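**Student:** Coordinates for the following, if possible.
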Amino acid sequence: MVNELDNPELIYNGDDLGAVYTTLYTTFKVWAPKVEKITLVIYENPYDDLGQKHEMSKDLKGIWKIKLYGNYKNKYYNYLVLDKGNQRETPDIYTKGASANGKKGMIVDFDSINPVNWENHNRPIPINRTEVVIYEIHVRDFSASEDSGIKNKGKYLGFTEKGTKTAEGILTGLDYLKELGITHVHLLPVFDFASVDETVGGYNWGYDPYLYNVPEGSYATDSQDGTVRIHELKTLIQTLHENGLNVIMDVVYNHTITTVNSPMNILAPEYYYRTDDNNNYTNGSGCGNETASEKPMMRKFMVDSIKFWTKEYKIDGFRFDLMALHDVDTMKELTLQAKIINPNIIIYGEPWTGGSSSLSPSLQFLKGRQRGMQISLFNDGLRNAIKGDNDGTGLGFVNGGAGLELEIKKGIVGSINFNNEICNFTQNPGEAINYVSSHDNLCLYDKFEKSNPYNTPLEREKMNRLALSIVLTCQGMPFIQGGTEILRTKQGIHNSYNAGDTVNEICWSRKSEFKETYEYIKGLIALRKSQKVMTLDDATEVREALVFLDTPCNCVAYELTSTFAEDYSKILIVHNSNKDGIKLTLPDDNEWYILANEYEVNKLGVTKGTKTCINDVIIPYLSTYILCQQ
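**Tutor:** Modelled structure (predicted):
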């Protein structure tokens, strides 16, 4: 069924949709070709029920517009939309601010809201994408627990507090992130989502978008005043930047919380969503609808939104939810435009859908479509090879599975075409996001408790450590679910999207309980960052530098030869997932220094007294060893 809004003559390419504020006047433009009438309503404050109405005029290409003279700084607005005799009020899909729960949009004067020195604040030194270490965390989870020592629990400002500690004196919060050594903080959705009543609070992961260009209000100290959420999110970003940490934003353009009554559908009925031959909404997201990125004005909206967050909020990267629901051309265009603003921006996402989509598989951004682009994909193949299935009792390399060495090797080389046997989906290693768990599904330690109930707690801790050590030593981009480095648990709940703080919060006391694992992961991160040969982003370089060794079953070992002056000349990495130790013959008869054993990582390099090996080395069970030659 043809939608009249698909007429090419209705495509609008201007960069002035929404409310564009100046001190002398504000212009309002909205794309709504099919509706009968639009009236702009201006509200003095977020609590007003009655506003001042201004009838808008229809222009070319389906644009309704009006220019109001005077200073409308940080006032609120909505549109009254008349369509088929039915009038409904909606916020602008391009609004950049809002009152609580998105009831009213906002005319934003960012200059009056920005933190001090926002425009000129120091940002982290740019690094190559394979030098990135991503740490995924939910805003509430980070600070909600009683033992966090953080005052602004569950809020944006929780990330800005320095010197926070548990009652035992263990570092938490911002100082913890710096100490751990990660480079990028991946925040679960911080755009305005609809599942939490911002006036009373509550818990949700936030994968239910309402207003895409507005920060979520439940994480602000005041959800009614639209300026507060903007100021506090920017304060979070500025604080992380000034402490050497980049910020990645989780974005969910593939569906909206509602369909018929969504702002998109009120303004342009049946345009922004995919439908089947019977005009029924399709559900490739598994959430009731799927947006149509291949349509020019939806593509424009996504590109404009990404440009907005990149420029106005200085966001350093975007993680796309269900990225296969977006067409290849849209992902190409938004990546291009984002990199014009910030050449070092990171774009990555899930190369799968949440259900059957009406978008042709030939257009979907599936695994392999990213080759040669600056877009990275979650490597679910490596994930499954390491631990088995996500929520069940299936076994992977580290917890008892057999015959998985080849799949682990594919991950180690960054999923490139390494040789005729070891070949996978990337053109270069930076296209692979290597991970073993994320917010979805069982936490890593919960997975091992379920799949390995008869192993000892120590053995499961060693599995957790071994799994993360594989992720942190692979070529590509390592991604850590926040808390896995201290054996985070969600009490065995695999889908905790609305389970609340008691299930989801980071229990900071586990840092002291599992101090050895924490220090090990911290050491691996530091070692990775110090060795360029561990962060190559060219397939040819990987093939030249990396050689696999012959090993017993359930063990993978490889040698890296470096030409970089600041590196060790050779690094040997061994992952032993056997229940017993193994003896490995070393690749030459020179002396090798042990950088990492089963307990600790000597991140500062070879020091006096460091154990050395000649000819062979014993690798204990469930352990990663790293050796080097200077």
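**Student:** Tell me how far the worst-scoring helix or strand of the chain on mean pLDDT lies from the chain's centre.
**Tutor:** In the chain, no helix or strand scores lower on mean pLDDT, DSSP states H and E than strand 612-613, which sits at a mean of 92. Remark: strand 612-613 is offset 40 Å from the chain centroid, using C-alpha atoms, centre = their mean, to the nearest Å.
**Student:** and that strand, what does it pack onto?
**Tutor:** strand 592-596 (3 or more C-beta pairs under 8 Å, 6 or more residues apart in numbering; DSSP states H and E). For every residue, glycine as well, the C-beta is placed using N, CA and C.
**Student:** Now do the helices in the stretch 1-150 of the chain.
**Tutor:** 139-143 (DSSP state H, counting those that start in this stretch).
**Student:** Flag the shaky bits of it, pLDDT-wise.
**Tutor:** 1-2 (pLDDT under 70).
**Student:** Does I42 touch G51 like I think?
**Tutor:** Yes - proximity of I42 to G51 meets the contact threshold set by C-beta atoms under 8 Å, at 5.3 Å.
**Student:** what's the overlap in contacts for the two?
**Tutor:** Counting by C-beta atoms under 8 Å, 6 or more residues apart in numbering, the contacts common to I42 and G51 are Y76, Y77.
**Student:** Direction included, what does the least confident helix or strand of the chain pair against?
**Tutor:** Using DSSP bridges, the strands paired with strand 612-613 are strand 592-596 (antiparallel).
**Student:** quick one: contacts of the strand it pairs with?
**Tutor:** Residues outside strand 592-596 that contact it (C-beta under 8 Å, 6+ apart): 469, 520, 523-524, 527, 568, 571-572, 586, 601-602, 605-606, 610-614, 617, 624-630.
**Student:** Now the buried members of these.
**Tutor:** Listed as buried from these are 469, 520, 523-524, 527, 568, 571-572, 586, 601-602, 613, 617, 624-629; burial here means 16 or more other C-beta atoms under 10 Å.
**Student:** quick one: average pLDDT of stretch 484-498?
**Tutor:** In this model, stretch 484-498 has a mean pLDDT of 98.
**Student:** Quick one: end-to-end length of that stretch, please.
**Tutor:** 20 Å (C-alpha to C-alpha, to the nearest Å).
**Student:** Mind listing what's buried along that stretch?
**Tutor:** Those would be T484, E485, I486, L487, R488, T489, K490, S496, Y497, for stretch 484-498 by 16+ other C-beta under 10 Å.
**Student:** Could you single out the nearest of those residues to S195?
**Tutor:** Using C-beta to C-beta, Y497 comes nearest to S195 of the buried residues of stretch 484-498, at 8.5 Å.
**Student:** Next up, the contacts around that closest one.
**Tutor:** Contacts of Y497 by C-beta under 8 Å, 6+ apart are N204, W205, Y207.
**Student:** I'd say the second one and L188 touch.
**Tutor:** Yes - the pair W205 and L188 passes the contact test of C-beta under 8 Å, sitting 5.5 Å apart.
**Student:** shared neighbours, those two?
**Tutor:** In contact with both W205 and L188: H138, H439, using C-beta under 8 Å, 6+ apart.
**Student:** Looking at these two, which has the bigger crowd around it?
**Tutor:** Comparing W205 with L188 by other C-beta atoms under 10 Å, the one with more neighbours is L188, at 25 against 22.
**Student:** So what's the residue count around the closest residue to that one other than its chain neighbours?
**Tutor:** Nearest residue to L188, sequence neighbours excluded (C-beta to C-beta, 6 or more residues apart in numbering): H138, at 4.3 Å. Other residues lying near H138 total 26 when counted by other C-beta under 10 Å.
**Student:** how about the strands of the stretch 451-600 of the chain, start to end?
**Tutor:** 477-481, 546-548, 555-561, 570-576, 582-585, 592-596 (DSSP state E, counting those that start in this stretch).
**Student:** Could I get the pLDDT score of V436?
**Tutor:** At V436, pLDDT is 98.
**Student:** how much space between it and I347?
**Tutor:** Distance, V436 to I347, by C-beta to C-beta, to the nearest Å: 22 Å.
**Student:** more crowded one of those two?
**Tutor:** Neighbour count, other C-beta under 10 Å: between V436 and I347, V436 has more, with 27 against 23.
**Student:** my read: the more buried one touches G388, true?
**Tutor:** No - at 10.5 Å, V436 does not count as touching G388 under the criterion of C-beta under 8 Å.
**Student:** ok, which stretches of the stretch 251-400 of the chain are strands?
**Tutor:** All strands of the stretch 251-400 of the chain, identified by DSSP E, counting those that start in this stretch, fall at 317-320, 346-349, 376-378.
**Student:** what's the second one in contact with?
**Tutor:** Where contact means C-beta under 8 Å, 6+ apart, the residues beyond strand 346-349 that reach it are 129, 132, 184, 248, 316-323, 331, 334-335, 338, 365, 374-378, 433, 477.
**Student:** ok now that strand, how far from the chain's centre?
**Tutor:** Chain-centre distance of strand 346-349: 8 Å, with C-alpha atoms, centre = their mean.
**Student:** What's the mean pLDDT across that strand?
**Tutor:** Taken as a whole, strand 346-349 has an average pLDDT of 98.
**Student:** TSV please, covering the contacts of Y497 and showing secondary structure.
**Tutor:** Formatted as TSV, the contacts of Y497 follow (DSSP: H, G, I helix; E, B strand; the rest coil):
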residue	secondary structure
N204	coil
W205	coil
Y207	coil
